[in-house]
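Asker: A structural model of the following input is requested.
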Amino acid sequence: MDDAWKEITGAVIAAIGTIISAIGSTPFPFLTENLQNSLNLIGNVLQATGNALGADGQETPSLGKLGNELQSAGNVEVIASIVLPISSEGSQRLNIMGNFTQAFGGLVAIADEVEDDSEEDQYLNIVGNILQAAGNSLQAIGGIYELQKGEGSGQSLTVAGSWIQAAGSVISAQGQIQEEWNDRLQLLI
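Answerer: Numbers count the residues shown, from 1 in each chain. Model (predicted):
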């Protein structure tokens, strides 16, 4: 698989993962707690995989590559918070750190897009990464409320953050597809 396809495939896999995680974070009456946890786990595994694939698709060290690596590492922290046999408080703290790591990765990726003024459609990646960083931050803040004020107190922030992150990830995937498409067209011209 060439590097452009790695980046596109990674962005699409990560977007699918954020949507699955957002569904798992939303207290739909037809979802059991076990099913919600499974959806969160599957979604974060897809996000970690997609972000790692996107980082691998970037040939040279860059802020974009580092941003994808940080987002993937943040997803691994969230995965660990779900699967490791640790206390509820320890799990929540690990989840908070994972979301903040993802948010930081999104901010680093924004810096890469702002620095690279060669792409005319880079605004999609900038907006997408802003939304992802904001969504991850809201999820982390929701987790902090849960720790401080008890179960359920930060749920609305967590749910909103999950869907904001999902929207940002979809926009970023669209931006990545457009960027690679434009690069291919430039080679033909």
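Asker: quick one: average pLDDT of the helix or strand harbouring Trp181?
Answerer: Taking DSSP states H and E as the criterion, Trp181 maps to helix 155-188. The average pLDDT for helix 155-188 rounds to 90.
Asker: Would you mind listing the buried residues in that helix?
Answerer: Buried residues in helix 155-188, counted by 16 or more other CB atoms under 10 Å: 157-180. Using the backbone N, CA and C atoms, a C-beta is placed for each residue, glycine as well.
Asker: Would you map the helices across the protein?
Answerer: 3-25, 33-56, 63-83, 88-115, 123-149, 155-188 (DSSP state H).
Asker: between those, which gets the lowest average pLDDT?
Answerer: When these are compared on mean pLDDT, helix 155-188 scores lowest, with a mean of 90.
Asker: Packing partners of that helix?
Answerer: Applying 3 or more CB pairs under 8 Å, 6 or more residues apart in numbering; DSSP states H and E, one finds that helix 155-188 contacts helix 3-25, helix 88-115, helix 123-149.
Asker: Serialize these to a markdown table and add fields for distance to Glu69 and mean neighbour count.
Answerer: Formatted as a markdown table, the helices and strands packed on helix 155-188 follow (distance: least, CB to CB, whole Å; neighbours: other CB atoms under 10 Å):
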| stretch | distance to Glu69 | mean neighbour count |
| --- | --- | --- |
| helix 3-25 | 12 | 22 |
| helix 88-115 | 7 | 20 |
| helix 123-149 | 14 | 21 |
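Asker: out of those helices, which comes closest to Ala48?
Answerer: Comparison of the helices and strands packed on helix 155-188 against Ala48 by CB to CB identifies helix 3-25 as nearest, at 7.8 Å.
Asker: Which strands and helices lie in contact with that closest one?
Answerer: The contact analysis (3+ CB pairs under 8 Å, 6+ apart) places helix 3-25 against helix 33-56, helix 63-83, helix 155-188.
Asker: Redo these as JSON lines? Include distance to Phe100.
Answerer: JSON lines is the format used below for the helices and strands packed on helix 3-25 (distance: least, CB to CB, whole Å):
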{"stretch": "helix 33-56", "distance to Phe100": "15"}
{"stretch": "helix 63-83", "distance to Phe100": "7"}
{"stretch": "helix 155-188", "distance to Phe100": "12"}
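Asker: okay but Ser162 is in contact with Ser21, surely?
Answerer: Yes. With contact defined as CB atoms under 8 Å, Ser162 counts as touching Ser21 (6.0 Å).
Asker: Now for those two: what residues contact both?
Answerer: Common contact partners of Ser162 and Ser21 (CB atoms under 8 Å, 6 or more residues apart in numbering): none.
Asker: Leaving out sequence neighbours, find the closest residue to Ser91.
Answerer: Of all residues not flanking Ser91 in the chain, Ser81 sits nearest, at 4.6 Å (CB to CB, 6 or more residues apart in numbering).
Asker: List the residues that contact that neighbour.
Answerer: 91-92, 94-95, 98.
Asker: Cool, thanks, talk later.
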